[in-house]
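Asker: One predicted model, sequence on top.
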Amino acid sequence: MIKEIIKYPTPLSIEFGVNVRLFNEELFTLIDDLKDTINENNLQALSAFEIGDYHNVILIKNGDGSFLELINPSLITHSGKITTQEQTAYYGELTAEVTRFEKVSLVYQDREAKNCSLQAEGDLAILLQRKLDYLFGATFIQKLSKDEREKFELKLEYGTNIGIKDYCPTTFFRDKILKAINFLMLLMLGIALSSLFIEEKSILESMWEYQSYGFLVVFFLNICYFFYAQYEGKKYISCTSCQIGNIIGTLFISLIKLTLLYVASYILIPSS
Amino acid sequence: MARLVVLGGGVAGHTAATFAAKWLGSAHEVVVVTPNAKWNWIPSNIWVGVGQMTKEEVTFDLAGVYAKAGITYKQAKAVSLNPEGDTSSDKPFVTIEYTGQDKVGESENVEYDYILNATGPKLNFDATPGLGDGKGQMGDHTVSVCTADHAVHAAHKLQEAIEKMKKGERQKFLIGTGHGMCTCQGAAFEYIFNIEHELRKAGVRDMADMKWISNESFLGDFGMGGLHLKVGGYVVSSKLFAESLFAERDVEWLIGAHTSKVEAGKVEYELLDGSKGEEEFDFAMLIPPFAGVGIKAYDKAGEDITDTVFAPNGFMKVDANYGAGAYENWKASDWPRTYQNPTYSNMFAAGIAFAPPHIISKPMSSPNGTPINPTPPRTGMPSGIIGKAVAHSICDLIKKGDSAHLHEASMAEMGAACVASAGKGIFTGTAAAMTVYPVVPDFEKYPGTGRDTDYTFGEIGLAGHWIKHILHHLFIYKAKLQPGWTLIPE
């Protein structure tokens, strides 16, 4: 019977890796279901876990259409390391760079409960390791390096492999310029308000002077922001949409705030 | 006045003897026969083995504690049992041979009304050629952390290896199990990561090659079929956790291995797929397999009845189903409940000394027929619980007569906790605290793994490490019978 393959975001069960104890009809039905599901979905292999069964059974489809049935498989030795791009049914089309052992040797039982062993390398070794992880309730995400995992989590969020090779930063440098602008304007507002409590003329004069310099600096920073933001927007073109509109809008608001502040200072500071 | 003789002063024997003495009071006599002068909190031997604790911190003298509890203490080892007495008397007795108390080598027959066999295991180093010295003791090529003295020796050897590395000599560390039928993988797991931690601290980690060799069928099996762990908010199987821990700490591994021979600087092994190989080492800690301590039994006429009382591996037969047959027929109900010997009703066994009906993990062997699978782990918690239940039964038998109801403690209905540390700093340590319920899988009650997944769980972090510290002090406090000791659980 063709079974449904569990796919992300359905969480994987924590029931895992149960050794087959009884080699009976139940096991043979499971193996038949796995075969049907592999054929229907045109897959290379399936572990029982992927169709919601927690027994330690993996089926691999050979090139000639026959099947390799691995019951209670266990990886006992390994050598070498290899990093390749992997794809698995659970995550659909999404891929990730996974580091695996290059050569492995496994022991397993066949459907007659006979103990067998298997040496594998290259693609088969990688496939076996990926399917073994499923038996323990895991996908390749647990095998990824920290960086690769972050990238893959983004792929999961966007549901695509495309355009996020240079993954998007969560903060942009242009936001830091905006922060500086806002900080300076807050300082200017402070100066404007504190002038209400000061009567000494010489101090008030120098305060106005600071406000004027402040105005010039903030205006200049806004210009910088406008050009730098466009450059940065082009660098991460796939990360956000309609960046130019955002940049112009932000600049416009910032300049209005600056103008209002300057006008308010002109009115508030008596020496101006 | 009845006399209860307890053979062994480990977790099971000590727990049973101290509770029995408390419940029976001065009306009856409790005798402890143990070859050791000191009680040892074995889990902390790991820290002794890396030089982070002294032998004195993990042991204390038994004599004072037994004097306080009103227990007769004989520092001796049990040699043989005569459950029917001999030609001169019907009274059953145990023959002991002193190992201390100024009577070394002297024999004595100690009569009993009830006997509890809690001798623990014999560390069967000689099961692997070269692992033992051929006389039942540890050989010269490897170290062990099974006893406090072994651990002191291991710490000394580790220090030598560190000195060599400081002088620029690379060292290869090989840690794991020394036979295909070992248990206690958790202890070896703790030891390898404690060594790794110490080498880092000493600044010589880059001079060390580390390798794990074990009879587990997958990394993270821990001899109990693995479990799920909570790591920083994620849930991950112990296999995945162990694989990433080994990769992160750069420790190589080899599993499904039976260590077949040990020589100076080299071990030979056979794998589950039948292939054979060799592994070189400069420092090796390989856990030996366990066996019964080899007590003989004789009937009234002096005929050898060891086979009636003990299983072939030397452990005492109890109320287990020893005829369960093949793996698919195994049931939780095969496991003993009262630990009473089926032939002699005044004989009991507890802790590691009782013969389990079969192993817990799936039996595996290489194509050459070599069995390679973990044997049932019996950590302190089940041993203590069984010891206490048996003490309860014996006290009731003494006080209420033969019709008394026996107390039950099946390993298929009890959990076990285990804390495996990976370094001993107060703020830098990490440990995996794991609980398993039930110890023996019950496939009828819990289809699938045979375990209750809600209670079979682990957590990794600094908290686990602190728990290990707390347990160290708590259990030594309890074993010393300090005020309130009965309130501390097993």
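Answerer: Received, thanks.

Asker: Report the separation between the closest residue to chain B within the stretch 151-272 of chain A and residue B:405.
Answerer: Proximity to chain B, evaluated over the stretch 151-272 of chain A using Cβ to the nearest Cβ, is greatest for residue A:153 at 12.8 Å. From N, CA and C alone the C-beta is placed, and that goes for glycine too. Going from residue A:153 to residue B:405 by Cβ to Cβ, to the nearest Å gives 59 Å.

Asker: ok, now residue B:204?
Answerer: Distance, residue B:204 to residue B:405, using Cβ to Cβ: 60 Å.

Asker: more crowded one of the two?
Answerer: residue B:204 (20 against 10; other Cβ atoms under 10 Å in any protein chain shown).

Asker: So for that one, what's the pLDDT?
Answerer: Looking at residue B:204, its pLDDT is 96.

Asker: And for it, nearest residue in space, chain neighbours not counted?
Answerer: residue B:165 (4.0 Å; Cβ to Cβ, 6 or more residues apart in numbering or on different chains).

Asker: Next, the contact list for the one you found, please.
Answerer: Neighbouring residues of residue B:165 by Cβ atoms under 8 Å, 6 or more residues apart in numbering or on different chains: B:171, B:199, B:202, B:204, B:207, B:208.

Asker: cool, residue A:264 as well?
Answerer: Counted by Cβ under 8 Å, 6+ apart, residue A:264 has contacts A:189, A:192.

Asker: Alongside chain A, which residues does the stretch 301-450 of chain B contribute?
Answerer: B:327, B:328, B:362, B:364, B:365, B:367, B:443, B:448, B:449 (Cβ under 8 Å from any Cβ of the partner chain).

Asker: repeat that for 10 Å
Answerer: B:326-330, B:361-362, B:364-367, B:372, B:441, B:443, B:447-450 (Cβ under 10 Å from any Cβ of the partner chain).

Asker: Please pick the buried ones from those residues.
Answerer: For these, a burial check counting by 16 or more other Cβ atoms under 10 Å in any protein chain shown picks out B:327, B:330, B:361, B:362, B:364, B:366, B:372, B:441, B:443, B:449, B:450.

Asker: Phi, psi for the spatially most distant residue from the centre of chain B please.
Answerer: Here chain B reaches farthest from its C-alpha mean at residue B:88, the gap being 38.3 Å by Cα atoms, centre = their mean. Backbone geometry at residue B:88, expressed as degrees, to the nearest 10, gives phi -90, psi -20.

Asker: Kindly list the longest helix within chain A.
Answerer: Longest helix in chain A, counting residues (DSSP state H): helix A:201-235.

Asker: Let me fix that, I meant to ask about chain B.
Answerer: Per DSSP H, chain B has its longest helix at helix B:380-400.

Asker: Could you export the following helix or strand past it as CSV, CA atoms only?
Answerer: Going down the chain from helix B:380-400, the next helix or strand is strand B:416-421, by DSSP states H and E. Output of strand B:416-421 as CSV, limited to C-alpha atoms (Å, rounded to 0.1, in the frame of the first residue of the first chain):
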residue,chain,number,x,y,z
ALA,B,416,17.3,3.8,36.9
ALA,B,417,19.1,7.1,36.8
CYS,B,418,22.6,7.6,35.6
VAL,B,419,24.7,10.7,35.4
ALA,B,420,27.6,10.7,33.0
SER,B,421,30.0,13.6,33.5
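
Asker: Strand B:416-421: partners in the sheet, and parallel or antiparallel?
Answerer: Take DSSP bridges as the rule and strand B:416-421 pairs in its sheet with strand B:431-436 (antiparallel).

Asker: Would you confirm that the residue of the stretch 151-272 of chain A closest to chain B belongs to a helix?
Answerer: Yes. Residue state for residue A:153 (DSSP: H, G, I helix; E, B strand; the rest coil) corresponds to a helix.

Asker: rewinding a little: turn the buried ones among the residues of the stretch 301-450 of chain B next to chain A into CSV, columns for secondary structure.
Answerer: Shown next, in CSV, are those (three-state DSSP):
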residue, secondary structure
B:327, helix
B:330, coil
B:361, coil
B:362, coil
B:364, coil
B:366, coil
B:372, coil
B:441, coil
B:443, coil
B:449, coil
B:450, coil
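
Asker: Could you point out which of those residues is nearest to residue A:230?
Answerer: Residue A:230 has its nearest neighbour among those in residue B:449, at 58.4 Å by Cβ to Cβ.

Asker: How many neighbouring residues does the residue nearest to that closest one when sequence neighbours are not counted have?
Answerer: Of all residues not flanking residue B:449 in the chain, residue A:18 sits nearest, at 5.3 Å (Cβ to Cβ, 6+ apart). Neighbourhood size, residue A:18 [other Cβ under 10 Å]: 23.

Asker: list the contacts for the residue of the stretch 51-200 of chain B found nearest chain A?
Answerer: Residue nearest to chain A within the stretch 51-200 of chain B (Cβ to the nearest Cβ): residue B:180, separated by 12.4 Å. Listed by Cβ atoms under 10 Å, 6 or more residues apart in numbering or on different chains, the contact set of residue B:180 reads B:127-128, B:214-215, B:256-260, B:269-272, B:289, B:364-366, B:370-375.

Asker: which SS state does the closest residue in space to it that isn't next to it in sequence fall under?
Answerer: Once flanking residues are discounted, residue B:180 sits nearest to residue B:258: 3.0 Å by Cβ to Cβ, 6+ apart. Three-state call for residue B:258 (three-state DSSP): strand.

Asker: Now for residue B:258, how many residues are close by?
Answerer: 26.

Asker: Low-confidence bits of chain A, can you list those?
Answerer: Chain A contains residues with pLDDT under 70 at A:14-16, A:163-170, A:237-242, A:271-272.

Asker: Grab the longest strand from it for me.
Answerer: The longest strand of chain A (DSSP state E) is strand A:67-87.

Asker: Wait, residue B:170 touches residue B:281, no?
Answerer: No. Residue B:170 is beyond contact range of residue B:281, at 11.8 Å (criterion: Cβ atoms under 10 Å).

Asker: Pull out the buried positions in the longest helix of chain A.
Answerer: Result for helix A:201-235 [16+ other Cβ under 10 Å]: buried residues A:204, A:207-208, A:211, A:214-215, A:218, A:221-222, A:225-226, A:228-229, A:232-233.

Asker: what helices or strands is it leaning on?
Answerer: Counting contacts by 3 or more Cβ pairs under 10 Å, 6 or more residues apart in numbering or on different chains; DSSP states H and E, helix A:201-235 packs against helix A:173-194, helix A:243-268.

Asker: tell me, what's touching residue B:170 and residue B:281 both at once?
Answerer: residue B:209.

Asker: These two: which has the busier surroundings?
Answerer: Legend: neighbour count by other Cβ under 10 Å for residue B:170 and residue B:281, higher for residue B:281 (22 against 12).

Asker: Work out for me the element the nearest residue to the more buried one once chain neighbours are set aside sits within.
Answerer: Excluding its sequence neighbours, the residue lying closest to residue B:281 (Cβ to Cβ, 6+ apart) is residue B:174, at 3.8 Å. Assigned by DSSP H and E, residue B:174 belongs to strand B:171-177.

Asker: That strand: what's the following helix or strand?
Answerer: According to DSSP H and E, the helix or strand after strand B:171-177 is helix B:185-201.

Asker: can you list the domain ranges for chain A.
Answerer: Under the assignment automatic domain parsing, the domains of chain A span A:25-158, A:173-268.

Asker: if you compare those domains, which one is most tucked away?
Answerer: Counting by mean count of other Cβ atoms under 10 Å in any protein chain shown, domain A:25-158 has the highest mean neighbour count of the domains of chain A, with a mean of 18.

Asker: Alright, that wraps it up for me.
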